[in-house]
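Visitor: Next comes the sequence, and after it the predicted model I'd like to discuss.
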Amino acid sequence: MELSLSGNALKTFGRSITCLARVGNELVIQASPSQLALHTLNSSRSAYQSITFKPNFFDVYRISGTQVQCSVLLKAVCSVLRTPIASIDHLTVKLADLDASKVQWALECFNGMKKAYWITCNVEPDIQHLSLDRRRLPSNLVVRPRDLNRLLANFQSSLQEITIITTEPTSLPSADASEIGGKAVELRSYIDPTKENDSSLHTQLWIDPMEEFVQYTHTGDPADVTFSVKELKAFLTFCEGCEVDIHLFFDKVGEPILLAPKFGLEDGAGSNFDATLVLATMLISQLHEGNPSEPVQAATTTHDQAMQGAGSQAQQERSRANVSEHPSDHTRIWSDLSGSAAKSSSGVEERQVQGQRNLNASEQRDIQRISMMQITKDIPIRESVPAAPSL
């Protein structure tokens, strides 16, 4: 295998490596005559990312045989690209043969300097394939990176999980429609009901999809998904650098959420690269937290039993609290410091009762692991220790 790239393609490749490094630790390289695919899976198996490049993305693309695959540490690859991309003329990646134990990464800079790195392949790599058809995920939305950045800026930077709640604009109850202004999408910071003395800032954001999103599709009952913010921000940065919109596909609580770049009307048909990020979601629905309607049933029977009878009084209390006195034209924000006196004692008591109903504290944060989706594992290959660069 030999490939070489420069210019804008090199910049995109560098963004890809940075994004993959923020998701997982191991980079799986799979090259075939039709494409080069880079994969990673995080250690908790809750996030999987794949980025593919067509042969015309590269200046040179040569593959011997039907398929070449290997695995290296992303930390080692990032050390190769520590040299500023703007100073690199072109990058060359070589794997001598299928049994080679090291991958050569060579840089030629505009100032004439040449750098070569040999990164050892993993002996037993964790090579996975995720099969998830985005067409079976009924709800989707397209948002511009700068708009999503602006919306996320309303939340604390330390937020770990976020909830997206989607409804049909016409399906809101009349009371809620008057308070929320008919806004069909809500972003909400995830609240862990088992966490005692929680003094973090809880924020809810009501959004008019006609104003904030490029595209929005949702039919049927309200749906919610709770997932990690870390990987979302990594993918957001990647799409912002590539100047493409973000397409989110999802279904319901416990089902994975899929993120992909939106390249325009043909959606990637004319692009020479593509990316997919799949995130696991919480098994417990958050709809009951701010909606007086009945909570959506959880993905498993155990969690259904644990959450049955969660206090309706707390639901009504939260729905009345989620009212802003000065709504903006496009969004409506409500924030509350949970440790402040503004929280009513009844709301605290409801959280305690709900916590007692849980089978245990860990179940409340259970996640539908990606390993339970359609993942197949390849035969192990080699083990990786980054070699020192040779100048």
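Guide: Received it, and whenever you're ready, just let me know what you need.
Visitor: show me where the stretch 51-200 of the chain has strands.
Guide: Residue ranges of the strands in the stretch 51-200 of the chain, as given by DSSP state E, counting those that start in this stretch, are 60-62, 68-73, 88-94, 102-109, 114-120, 128-130, 139-143, 161-166, 185-189.
Visitor: Turn those strands into a markdown table, including mean neighbour count, mean pLDDT and distance to E231.
Guide: The way it works is simple: take the backbone N, C-alpha and C, and place the C-beta from them, glycine included. Listed next are those as a markdown table, based on neighbours: other CB atoms under 10 Å; pLDDT from 0 to 100; distance: least, CB to CB, whole Å:
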| stretch | mean neighbour count | mean pLDDT | distance to E231 |
| --- | --- | --- | --- |
| strand 60-62 | 15 | 94 | 29 |
| strand 68-73 | 22 | 91 | 19 |
| strand 88-94 | 19 | 95 | 25 |
| strand 102-109 | 19 | 95 | 25 |
| strand 114-120 | 18 | 95 | 24 |
| strand 128-130 | 18 | 74 | 14 |
| strand 139-143 | 20 | 93 | 16 |
| strand 161-166 | 22 | 93 | 11 |
| strand 185-189 | 22 | 91 | 16 |
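Visitor: Now render the ones you listed as CSV, adding distance to V244.
Guide: Shown next, in CSV, are the strands of the stretch 51-200 of the chain (distance: least, CB to CB, whole Å):
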stretch, distance to V244
strand 60-62, 23
strand 68-73, 27
strand 88-94, 22
strand 102-109, 26
strand 114-120, 29
strand 128-130, 21
strand 139-143, 10
strand 161-166, 20
strand 185-189, 21
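Visitor: Select, out of those, the one closest to L283.
Guide: For L283, the closest of these is strand 161-166, at 12.5 Å, according to CB to CB.
Visitor: for the strands of the stretch 51-200 of the chain, which one sits closest to F13?
Guide: The nearest among the strands of the stretch 51-200 of the chain, by CB to CB, is strand 88-94 at 7.3 Å.
Visitor: Run me through the strand neighbours of the closest one, direction for each.
Guide: Within its sheet, strand 88-94 is paired with strand 2-6 (antiparallel), strand 102-109 (antiparallel), according to DSSP bridges.
Visitor: In three-state terms, label L236 for me.
Guide: Look at L236: counting by DSSP: H, G, I helix; E, B strand; the rest coil, its state is helix.
Visitor: And for Y48?
Guide: Assignment for Y48 (three-state DSSP): strand.
Visitor: which residues touch it?
Guide: Listed by CB atoms under 8 Å, 6 or more residues apart in numbering, the contact partners of Y48 are V23, H39, T40, L41, N42, Q128, L130, L277, V278, I370, I375.
Visitor: partner residues bridging it?
Guide: Beta bridges link Y48 to L41, V278 when assigned by DSSP bridges.
Visitor: Please report the distance of it from K252.
Guide: Taking CB to CB, to the nearest Å as the measure, Y48 falls 19 Å from K252.
Visitor: same question, E211
Guide: Applying CB to CB to E211 and K252 gives a distance of 25 Å.
Visitor: Who has more neighbours out of those two?
Guide: Higher neighbour count among E211 and K252: K252, with 20 against 12, using other CB atoms under 10 Å.
Visitor: Need phi/psi at that one.
Guide: Main-chain torsions, K252, degrees, to the nearest 10: phi -160, psi -180.
Visitor: For it, which non-adjacent residue is closest in space?
Guide: A223 (4.8 Å; CB to CB, 6 or more residues apart in numbering).
Visitor: What is the neighbour count of the one you found?
Guide: A223: 21 surrounding residues under other CB under 10 Å.
Visitor: repeat for R136
Guide: Neighbour tally, R136, other CB under 10 Å: 9.
Visitor: measure it to K252 for me?
Guide: Counting by CB to CB, the gap from R136 to K252 is 12 Å.
Visitor: And L81, by the same measure?
Guide: 39 Å.
Visitor: rewinding a little: figure out which of the strands of the stretch 51-200 of the chain is closest to T219.
Guide: strand 139-143 (8.2 Å).
Visitor: So what touches that closest one?
Guide: So strand 139-143 is in contact with 134, 166, 185, 209, 212-218, 223, 245-251, 262, going by CB under 8 Å, 6+ apart.
Visitor: switch to 10 Å and redo it
Guide: Here strand 139-143 makes contact (CB atoms under 10 Å, 6 or more residues apart in numbering) with 134, 149, 151, 164, 166, 185, 207, 209, 212-220, 223, 225, 236, 239, 245-252, 257-258, 260, 262, 267.
Visitor: What's the ChimeraX line that selects buried ones from the residues you listed?
Guide: A single ChimeraX command is used to select the members of the contacts of strand 139-143 judged buried by 16 or more other CB atoms under 10 Å:
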select :151,164,166,185,207,209,212,213,216,218,223,225,236,239,245,246,247,248,249,250,251,252,257,258,260,262
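Visitor: Among the contacts of strand 139-143, which lie within strands?
Guide: Among the contacts of strand 139-143, the members found in strands (DSSP state E) are 164, 166, 185, 207, 215-217, 223, 225, 245-250, 257-258, 260, 262.
Visitor: hang on, the earlier thing: could I get the contacting residues of the residue nearest to K252?
Guide: 138-139, 164-167, 250-253, 255, 285, 287, 296.
Visitor: so what pLDDT did it get?
Guide: Per-residue confidence at A223 stands at 91 (pLDDT).
Visitor: What separation do you get for it and D251?
Guide: 7 Å.
Visitor: Okay, the spatially closest residue to S271 that is not a sequence neighbour and F273: tell me how far apart.
Guide: Closest residue to S271 apart from its sequence neighbours, by CB to CB, 6+ apart: F263 at 4.7 Å. As defined by CB to CB, F263 lies at a distance of 9 Å from F273.
Visitor: Sounds good, over and out.
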